[in-house]
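S.K.: sequence unavailable; structure follows:
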């Protein structure tokens, strides 16, 4: 397993962290974000979407479960938030497995709620809060 750690000390450092994550992910398209409520998962995903040149407004899909954005290259980017689901069937009902196997980037918040539905090959991003800083751990 390959692992990289990055310490982010200010919001200004997020674009570089997003760039590093995209390079680290390589051909892996499903990126799962683990971290406590308020750790900065959505904020980091916004930085990733800026790095991917997404033109749409990036917001958390807490109630819709999935938002679809368009990159500047015309590629879809899918953003999931499974915080509010009660069981994996709810995620399965929206067809998340088809999204995950689409070959397009899937950014997944609260993946621990759907572990059995995730593909075997994913990039895990763990965000830990350390005072005002964030420790980002990337694994694949």
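M.R.: Received, thanks. Just so it is clear, the model here is predicted, and its values are computed rather than measured. Numbers count the residues shown, from 1 in each chain.

S.K.: OK, contacts around the residue positioned nearest the centre of the chain?
M.R.: By CA atoms, centre = their mean, the chain has its centre lying nearest to residue 107, at 3.1 Å. Residues in contact with residue 107 (CB atoms under 8 Å, 6 or more residues apart in numbering) are 31, 33, 45, 48-49, 77-80. For glycine as for every other residue, the C-beta is placed from the backbone atoms N, C-alpha and C.

S.K.: tabulate those (a markdown table), appending neighbour count.
M.R.: Below are those laid out as a markdown table (neighbours: other CB atoms under 10 Å):
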| residue | neighbour count |
| --- | --- |
| 31 | 22 |
| 33 | 24 |
| 45 | 25 |
| 48 | 25 |
| 49 | 22 |
| 77 | 22 |
| 78 | 20 |
| 79 | 26 |
| 80 | 29 |
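
S.K.: and residue 68, what helix or strand is that in?
M.R.: Assessed by DSSP states H and E, residue 68 sits inside strand 66-70.

S.K.: circling back: the residue nearest to the centre of the chain and residue 99: what is the separation?
M.R.: Counting by CB to CB, to the nearest Å, the gap from residue 107 to residue 99 is 11 Å.

S.K.: list the contacts for the closest residue to residue 9 other than its chain neighbours?
M.R.: Closest residue to residue 9 apart from its sequence neighbours, by CB to CB, 6 or more residues apart in numbering: residue 133 at 5.0 Å. Residues near residue 133 by CB under 8 Å, 6+ apart: 7-9.

S.K.: nearest to residue 69 among those residues?
M.R.: Nearest to residue 69 among the contacts of residue 133: residue 8, at 22.4 Å, using CB to CB.
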